[in-house]
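Enquirer: structure for this input, please:
(chains A and B)
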Amino acid sequence: MLKTKQAAMAAFIAMLSSTSALAASDKDIETLRAEIQNMKQAYEERINELEAKLNKVENIQAQSVVPKATTPATAGRSVKDNSFNPSIGVILNGQYNAFSSNEGEVAGFAVGHEGERPREGFGADHTELNFSGNVDDKFFSSITAAIAQHEGTSEIELEEAYIQTLAGSGLPDGMSVKVGRAFWTLGYLNEHHSHADDFADRPLPYRVFLNGTFNDDGAEVSYVLPTPFYAEIGGGAFRGDDFPFGEGAGSNAGAWSAFARIGGDIGNNQSWRLGGYMLSGSADGSRLSNEDLVSFTGDTDIYAADLRYTWAPTGNARDREIILQSEFFWRNEDGVYEDTEAATGAINFDDSSRGWYAQAVYKFDPQWRIGARYSQLQPANVPAGLLGSALDADGYDPQAYSAMLDWTNSEFSRVRLQYNREELSRGQDDNQVMMQYIMSLGAHGAHKY
Amino acid sequence: MRQLLSMVALGLLCAAPVTAQAKVNIFACEPEWAALAEEIGGDNVTTFSATHAKQDPHHIRARPSLIAKARHADLILCSGAGLEVGWLPLLIQKAGGHVQPGSVGYLMASEYVPILEKPIVVDRSMGDVHPEGNPHIHLNPHNILLVARELTKRLETIDRPHAGSYQSKLNEFISRWQPAIARWENNAVPLKNLPVVVHHRGFSYLLDWLELRQVASLEPKPGIPPTTSHLEGLLQQLKAKPASMIIRTPYEPKEASEWLSERIDRPAVVLPYTIGGDDESDNLFKLFDRSMSLLLGAVDDQ
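Expert: As a prediction, the model looks like this:
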């Protein structure tokens, strides 16, 4: 009985609620309709308003931008599947060397591995692999790895891995920032890969002061001034790991640099560039040299200057050209030297040394060039504690004479024969013959001046 | 030291002229484009040519002076198609944002004309071939017209206040250029189908336009200087099938073409190739007048 009553109640309630729901929905529909009508009207008004605005803007544009900015047709040409791959280039750089002397010590200098005399015999050292390309509209990047032989094993050496801002990336015109590892701006040769050198080996100052090349990790900013002639200034901050520094530690930059360059033309066929550079930093841990037998801890300052002059006597540099080039280095070291082989112990050292070279290259035929180079070093006078050590030159100035002949079949291949007479220590006269080939495979960027 | 250097840097920055450019600075890679820019730009532009007629535009150094000029350019006008690939990228890299590839201030003429000799396969064993095709496009006067139209559009965009002047200069140029083309084409009738030998494939557009036949080049492969064995081979080929002349640019060495000229008893002709290529060729009209008269002269002598 109770159950049926409850069921009836429930049914009644259900009926009630459903009818009320129906009644409510009719009302709601009415209001909804009204609302939709309102909205429709409102939107139509807004759309009309927007259309009017758009027309207005279009008219303004049509009036003001009569010659519309044209997009060059570059984008329309030859799009391939791999068009976004980076450019890939390989440099095959091999040498055959023969030396008359067993020793290649440089009197008065402790040199790093790259600054040592190269290996005798055949060597396919310094084959370079390069990948480069624009990252996007703001950045360019490039990676160069060298595959080099070091103490019997092949090593992959990261020569360069940097990003660089592109012109038009938002920096002022003429300004560029390069970050990563790169052949930084210092003198003439340092910026260039060795395959672009005019001789098979680097001149003496590069070997003793920079261990071939300075490519520390860091950042550099450069700015081409808006002057009518060429003038560029810049500077960088570096980790302080690479020779002539050592073991940069912590977040502080271990080294920094500054440079300024000017250049121009003389008449139609002559051109020149002059630069001044400085590189300063410290070896906090130590700079190891002479096969880790000599160590230096302390501050190193290098000041350098370079001059390059080119002359195309017939106007056409393809045909005939004379290139003169010279660089001067001055280094001051303030710290502690130790030669473990000579068992000197740690000796305080504060002195300077110098080095320079000058070279001339003459292209007498579109495919043939001859060249001559002279390099000289002036070591520091060592304190009493370092007498008899590797740093003691005993008043001797190392020097080297070079002569080369090269044949360039095309822009992509060159074969070179070079003769060196190196007088790097007293009584150690070394007659050297070097044969070198440099071949470029694939993409190859334009060479700097 | 650090302070001193930054002061020097600051001083240099302040000393730099911050003049508003009244004129449009046009950096032309080759003299023919500088001449065209002068025709269209007139007094509203200053033009600079990165190369002169005695220079091979393939082999230019990215000299400091060129970096400075490109840095100031509002428009860079070059042949393109890889002709300047050995030096222009370095200049562009240090130039302003408005002359970068894809911008209004970057005009590569070869992108606006039909390209000849576009290789289907490229391999470096073929010599210095340009994957983009032959870049020496300016010796067909119809190409000059196409580039002139594009150049006008660019100048109108860069220098809006003078848009009207550029348009009227273009119209005026066309009104003189088109009759000149008709005249040249009329005069060129005796040249039709003549077989010629070139030093480098720098005249392909001229020969194609005038319907001469390029039967051989002194370079064994593009960009590779003539070799004795190649020249001997050519001599045999030309003895069997003679050519009417050997042509070269003012910047190409004379030895190879003169050697061959003596042996086949046909003239070795130096065409001006570009503005300033000889004393007479000091504008675009005279460049073509002179080229035509040299070609016709060489034929008359035979």
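
Enquirer: count of residues packed around residue 202?
Expert: Just so you know, I chose chain A. Number of residues near A:Arg202 (other CB atoms under 10 Å in any protein chain shown) recorded here: 21. All C-beta atoms are positioned from the backbone trio N, CA, C, and that covers glycine.

Enquirer: that's the wrong chain, I wanted chain B
Expert: That count, for B:Gly202 with other CB under 10 Å as the rule, works out to 26.

Enquirer: distance of it relative to chain A?
Expert: Relative to chain A, B:Gly202 is positioned 13 Å away (CB to the nearest CB, to the nearest Å).

Enquirer: secondary structure class for that residue?
Expert: The local conformation at B:Gly202, judged by DSSP: H, G, I helix; E, B strand; the rest coil, is coil.

Enquirer: who are the contact partners of the closest residue in space to it that isn't next to it in sequence?
Expert: Sequence neighbours aside, B:His136 is the residue nearest to B:Gly202 in space, at 4.6 Å (criterion: CB to CB, 6 or more residues apart in numbering or on different chains). Shown in contact with B:His136 (CB atoms under 8 Å, 6 or more residues apart in numbering or on different chains): B:79, B:83, B:201-205.

Enquirer: closest to A:Asn190 out of the residues you listed?
Expert: B:Leu83 (30.3 Å; CB to CB).

Enquirer: is it true that that closest one touches B:Asp128?
Expert: No - in this structure, B:Leu83 is not within contact of B:Asp128 by CB atoms under 8 Å, at 10.4 Å.

Enquirer: which residue of these two possesses the greater neighbour count?
Expert: Neighbour count, other CB under 10 Å: between B:Leu83 and B:Asp128, B:Leu83 has more, with 24 against 18.

Enquirer: end-to-end on stretch A:261-279?
Expert: 15 Å (CA to CA, to the nearest Å).

Enquirer: ok, and does it reach over to chain B?
Expert: Yes - applying CB under 8 Å from any CB of the partner chain, one finds stretch A:261-279 touching chain B at A:261-265, A:268, A:271-273, A:278.

Enquirer: about what we covered before: so what's in contact with B:Leu83 and B:Asp128 at the same time?
Expert: With CB under 8 Å, 6+ apart as the test, B:Leu83 and B:Asp128 both reach B:His58.

Enquirer: burial count for A:Val135?
Expert: Other residues near A:Val135 come to 12 when the count uses other CB under 10 Å.

Enquirer: center of chain A, which residue is that?
Expert: Taking CA atoms, centre = their mean as the criterion, A:Ala182 is the residue nearest the geometric centre of chain A, at 2.9 Å.

Enquirer: if I look at that residue, how far off is chain B?
Expert: A:Ala182 is 14 Å from chain B, by CB to the nearest CB.

Enquirer: spatially nearest residue to that residue (excluding sequence neighbours)?
Expert: Of all residues not flanking A:Ala182 in the chain, A:Tyr162 sits nearest, at 4.3 Å (CB to CB, 6+ apart).

Enquirer: pretty sure the one you found is touching A:Ser176, no?
Expert: No - using CB under 8 Å, A:Tyr162 makes no contact with A:Ser176, being 11.2 Å away.

Enquirer: secondary structure element holding residue 272?
Expert: Picking chain A for this. Per DSSP states H and E: A:Trp272 is located in strand A:270-289.

Enquirer: was after chain B, sorry
Expert: Assigned by DSSP H and E, B:Pro272 belongs to neither a helix nor a strand.

Enquirer: what do you get for B:Leu234?
Expert: helix B:228-240.

Enquirer: immediately after that helix, which helix or strand?
Expert: Using DSSP H and E, the helix or strand that follows helix B:228-240 towards the C-terminus is strand B:245-248.

Enquirer: partner strands of that following strand, parallel or antiparallel?
Expert: Applying DSSP bridges to the sheet, strand B:245-248 is found paired with strand B:195-198 (parallel), strand B:268-270 (parallel).

Enquirer: got the buried residues for it?
Expert: Across strand B:245-248, burial judged by 16 or more other CB atoms under 10 Å in any protein chain shown covers B:245-248.

Enquirer: ditto for stretch A:325-334
Expert: Buried residues in stretch A:325-334 (16+ other CB under 10 Å): A:325-331, A:333.

Enquirer: show me the helices in the stretch 51-200 of chain B, by range?
Expert: In the stretch 51-200 of chain B, the helices defined using DSSP state H, counting those that start in this stretch lie at B:64-71, B:88-93, B:141-158, B:163-187.

Enquirer: which of those helices sits most buried?
Expert: Comparing these by mean neighbour count (mean count of other CB atoms under 10 Å in any protein chain shown), helix B:64-71 comes out on top with a mean of 24.

Enquirer: report all helices and strands that it contacts.
Expert: strand A:217-224, strand A:230-238, strand A:255-266, strand A:270-289, helix B:88-93 (3 or more CB pairs under 8 Å, 6 or more residues apart in numbering or on different chains; DSSP states H and E).

Enquirer: what about 7 Å?
Expert: On a contact count with 3 or more CB pairs under 7 Å, 6 or more residues apart in numbering or on different chains; DSSP states H and E, helix B:64-71 meets strand A:230-238, strand A:255-266, strand A:270-289, helix B:88-93.

Enquirer: strands along the stretch 301-449 of chain A, start to end?
Expert: For the stretch 301-449 of chain A, the strands defined by DSSP state E, counting those that start in this stretch cover A:321-339, A:347-365, A:368-378, A:399-410, A:413-425, A:428-442.

Enquirer: please identify which of the ones you listed is closest to chain B.
Expert: Across the strands of the stretch 301-449 of chain A, chain B has its closest neighbour in strand A:399-410 (6.2 Å, CB to the nearest CB).

Enquirer: now the closest one: average pLDDT?
Expert: Averaging pLDDT along strand A:399-410 gives 95.

Enquirer: distance between that strand and the chain's centre?
Expert: Remark: strand A:399-410 is offset 26 Å from the chain centroid, using CA atoms, centre = their mean, to the nearest Å.

Enquirer: using PDB, list the CA coordinates for that strand.
Expert: Written as PDB, here are the backbone C-alpha positions of strand A:399-410 (Å, rounded to 0.1, in the frame of the first residue of the first chain):
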ATOM      1  CA  GLN A 399     114.900  32.600 -38.500                       C
ATOM      2  CA  ALA A 400     113.500  30.800 -41.600                       C
ATOM      3  CA  TYR A 401     113.600  31.300 -45.300                       C
ATOM      4  CA  SER A 402     111.000  29.800 -47.600                       C
ATOM      5  CA  ALA A 403     110.400  29.600 -51.300                       C
ATOM      6  CA  MET A 404     107.400  28.100 -53.000                       C
ATOM      7  CA  LEU A 405     106.000  27.300 -56.400                       C
ATOM      8  CA  ASP A 406     102.400  26.400 -56.900                       C
ATOM      9  CA  TRP A 407     100.100  25.300 -59.700                       C
ATOM     10  CA  THR A 408      96.400  26.000 -59.600                       C
ATOM     11  CA  ASN A 409      94.500  23.900 -62.000                       C
ATOM     12  CA  SER A 410      91.100  25.400 -61.100                       C
END
